[in-house]
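Trainee: Have a look; sequence and predicted model below, questions after that.
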Amino acid sequence: MGDAVDTTSANGRTLGSQPDIVGKPPVLTVEDFSKSFGARSAVENVSFSLMEHEFVAVLGPSGAGKTTLFRCITGSAKSDAGRIRFGGTEIERLTPRELRQIAVVFQQFNLVRRLTALDNVLAGRLGYLPTWRGVFRRFERADKLRAFECLERVGMLDHALQRADTLSGGQQQRVAIARALAQEPRLIVADEPVASLDPSSAAGVMQLLKDIARDEGVAVICSLHQVGYARTFTDRVIGLARGRVVVDAPTQSLDEAAYDALYGSADLRSNTATTGHSGMPDHHSTVEKDRRAALRLGDPDPVLVSDGV
Ligand SMILES: Nc1ncnc2c1ncn2[C@@H]1O[C@H](COP(=O)(O)OP(=O)(O)OP(=O)(O)O)[C@@H](O)[C@H]1O
């Protein structure tokens, strides 16, 4: 490999020293994407693309549309308008084998509690087995080796034979990331992966995702409620408010005004203090969750900052 050079993504974002992505197409392209639930618009005209090695945070108040966007990226929900392409192919047209290259990491880990860490990671290999082997969980030696490697990668090799329900939250999330790696992903979609973790475990998981993006070339898109984690670990922030992109910039370039646009505008506060961004009352309808998360991390309170306090 030659000298490392600064590289800029299709969005004009600097990805640090990643010479191997020059000239490569984006891993993921979202174009004019919209999704509604009945009369309620959840995501509107969202466009962005992700390159290999990129670690992107999607920030935004509760109800901003993060989960809806992620569900459409992973093919578990359909868009109403626009296109989402993975490796140049529209999500709806991906073969099951291609879809396996999009791995999902969940807030609640989604491990099978009574199975060992190793067996949970092996589940990431199921899609690569012939059906009969999958049914009987008859994994090849190569699959088992791969699963051990993935556990080693996330620092969980010593816990390979431990039941998932005896692991701490941070350890369970590491196993879930190992399961994602076992799928040999090109894209990891992590929906609030640290929301259930204590600050120390959360920082460890964020560092792990960052390392995976850097070392394995995987693109990682991660929704967060904690501005501090986005600032510390990610390359770029996409900010959603009321289903629209209001920020898309390298993390290092973001100032308080950008976070104000996301969390603190008077308009947003007046709407989200008691209602969802659609104006309808719902359980997503407060910015308080975001404030508490920011404060826990020692970040300036986005609402107080915007009030000039
Ligand atoms: N299945 C659904 N049916 C109806 N409305 C929905 C559904 N899923 C989401 N919504 C609405 O779409 C909007 C966006 O919700 P979404 O869950 O994507 O936001 P979010 O940014 O992920 O929120 P949070 O940070 O609280 O998880 C909200 O107004 C929500 O109530």
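Mentor: Yep, that arrived. Residues are numbered from 1 along each chain as shown.
Trainee: Might you quantify the distance of the biggest helix by length in the chain from its chain's geometric centre?
Mentor: Scanning the chain for the longest helix, with DSSP state H as the assignment, gives helix 199-216. Centre-to-centre, helix 199-216 and its host chain are 12 Å apart (C-alpha atoms, centre = their mean, to the nearest Å).
Trainee: what packs against it?
Mentor: When contacts are defined as 3 or more C-beta pairs under 8 Å, 6 or more residues apart in numbering; DSSP states H and E, helix 199-216 packs onto strand 55-59, helix 169-182, strand 187-191, strand 219-224, helix 227-233. To be clear about C-beta, it is placed using only N, CA and C from the backbone, and glycine gets the same treatment.
Trainee: Tell me the bridge partners for Leu36.
Mentor: Wrong residue type there; residue 36 is Ser, not Leu. Ser41 (DSSP bridges).
Trainee: Next, count neighbours for it.
Mentor: Counted with other C-beta atoms under 10 Å, residues neighbouring Ser36 total 16.
Trainee: Am I right that it is in contact with Asp80?
Mentor: Yes - shown here, Ser36 and Asp80 form a contact pair, counting by C-beta atoms under 8 Å, at 5.7 Å.
Trainee: mind showing which ranges of the stretch 51-200 of the chain have poor pLDDT?
Mentor: Within the stretch 51-200 of the chain, the ranges that satisfy pLDDT under 70 run 129-138.
Trainee: redo that, cut-off 90
Mentor: 76, 78-79, 88, 96-97, 124-142 (pLDDT under 90).
Trainee: What segments of it are helices?
Mentor: 66-73, 96-99, 117-122, 131-135, 141-153, 169-182, 199-216 (DSSP state H, counting those that start in this stretch).
Trainee: What are the buried residues along the longest one?
Mentor: Going back to what we said before, that points to helix 199-216. Buried positions in helix 199-216, judged by neighbour count with 16 or more other C-beta atoms under 10 Å: 201-206, 208-210, 212-214, 216.
Trainee: Repeat that for stretch 113-130.
Mentor: Taking 16+ other C-beta under 10 Å as the criterion, stretch 113-130 shows 115-126, 128-129 as buried.
Trainee: Make TSV out of the residues you listed and add distance to the ligand.
Mentor: Shown next, in TSV, are the buried residues of stretch 113-130 (distance: C-beta to the nearest ligand atom, whole Å):
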residue	distance to the ligand
Leu115	28
Thr116	31
Ala117	27
Leu118	31
Asp119	29
Asn120	24
Val121	27
Leu122	30
Ala123	25
Gly124	24
Arg125	30
Leu126	27
Tyr128	31
Leu129	32
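Trainee: pretty sure Ser249 contacts Ala257?
Mentor: That one is not Ser; residue 249 is Ala. No - shown here, Ala249 and Ala257 do not form a contact pair, counting by C-beta under 8 Å, at 11.1 Å.
Trainee: Comparing those two, which shows the higher neighbour count?
Mentor: Ala249 (16 against 12).
Trainee: so which strand or helix has the more buried one?
Mentor: Assessed by DSSP states H and E, Ala249 sits inside strand 244-250.
Trainee: And the contacts of that strand?
Mentor: Contacts to strand 244-250, defined as C-beta atoms under 8 Å, 6 or more residues apart in numbering, come from residues 11, 13-14, 44-48, 59, 235-240, 254, 258, 261-262.
Trainee: So which residues on the stretch 51-200 of the chain come close to the ligand?
Mentor: Gly60, Ser62, Gly63, Ala64, Gly65, Lys66, Thr67, Thr68 (C-beta under 6 Å from any ligand atom).
Trainee: Cheers, nothing more for now.
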